[in-house]
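Visitor: Below are the sequence and a predicted model; questions follow.
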Amino acid sequence: MPRRSERIQLGIPEEPAAPPRLCESPGCLLGGEYRAPKDRAHLNDYRWFCLEHVREYNRAWDYYKGMGPTEIESELRKDSGWQRPTWPLGRLGGFNPFDSEYIRDPLGVLRDTPLHKARREKTPRRDEPPGELRAALDVLGLGWPLDSVTLRARWKELAKRHHPDANGGDRQAEERLKDINRAYSLLRHRVGRPAEAAAAG
């Protein structure tokens with residue numbers, strides 16, 4: 001009995017080979033083995049060239065062609081964050097990892113420092129927002145204390161105003177809307193709690 005590798009499969013036609021792709025450079029009859037993006041707006045759509053013509057295409061490629069200085073600077077800033085929105089450190093929910101409540105201090109070394117003693121003795125004011133909520137309140141233009149009805153009304157107003165559809169697909173409006181949504185998401189979990197609980201929690 002033949003081994004599995006020696007068995008002959010009968011009756012299964014071989015798939016026809018795909019026709020070779022030709023180079024897209026006018027008049028070139030070589031195979032188009034190398035891809036290059038069509039343009040800045042379609043980086044995932046490709047043109048196919050032979051080696052000589054893809055090198056020629058790449059030498060002439062200029063991603064920033066037709067952009068003004070402001071647009072170029074904006075693109076460079078986006079590239080520094082891999083085209084994803086970023087937040088400055090400590091904004092919207094950031095915390096201090098060296099705060100006494102996050103550090104194990106079994107010997108009580110930190111408890112007796114003047115800084116920690118002042119923090120223990122300080123009574124929080126009801127009209128002062130917790131530190132981690134200040135940036136979110138600034139984004140929405142709201143004061144503290146805050147109730148859920150006011151928060152939701154303000155979020156709806158700003159979301160409607162900065163929605164990309166209402167601004168002709170403007171990217172800056174889209175980024176602003178993302179900031180607004182992040183701020184709203186952070187605040188809605190904290191609204192309704194007393195300022196003291198929010199500051200401690």
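Guide: That came through, no problem. Numbering: from 1, shown residues only.

Visitor: Pass me the low-pLDDT residue ranges in the protein, would you?
Guide: 1-19, 81-127, 192-201 (pLDDT under 70).

Visitor: where along it do the strands fall?
Guide: With DSSP state E as the definition, the chain shows strands at residue ranges 34-39, 42-49.

Visitor: Including distance to His189, could these go into CSV?
Guide: For every residue, glycine as well, the C-beta is placed using N, CA and C. Formatted as CSV, the strands of the chain follow (distance: least, C-beta to C-beta, whole Å):
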stretch, distance to His189
strand 34-39, 42
strand 42-49, 37
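
Visitor: Just tell me which of these ends up closest to Glu71.
Guide: Across these, Glu71 has its closest neighbour in strand 34-39 (15.2 Å, C-beta to C-beta).

Visitor: For the closest one, which residues meet the burial criterion?
Guide: Neighbour counts over strand 34-39 (16 or more other C-beta atoms under 10 Å) mark Tyr34 as buried.

Visitor: Give the pairing partners of that strand; include direction for each.
Guide: As defined by DSSP bridges, the strand partners of strand 34-39 come to strand 42-49 (antiparallel).

Visitor: List the buried residues in the partner strand.
Guide: For strand 42-49, the neighbour count (16+ other C-beta under 10 Å) marks Arg47, Trp48, Phe49 as buried.

Visitor: Could you export that strand as PDB, CA atoms only?
Guide: This file holds the C-alpha atoms of strand 42-49, laid out as PDB (Å, rounded to 0.1, in the frame of the first residue of the first chain):
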ATOM      1  CA  HIS A  42      -5.300  56.200  -0.500                       C
ATOM      2  CA  LEU A  43      -2.300  54.700   1.200                       C
ATOM      3  CA  ASN A  44      -3.800  51.300   1.200                       C
ATOM      4  CA  ASP A  45      -4.700  51.300  -2.500                       C
ATOM      5  CA  TYR A  46      -1.700  50.300  -4.600                       C
ATOM      6  CA  ARG A  47      -0.200  50.600  -8.100                       C
ATOM      7  CA  TRP A  48       2.000  47.800  -9.300                       C
ATOM      8  CA  PHE A  49       5.400  48.200 -11.100                       C
END
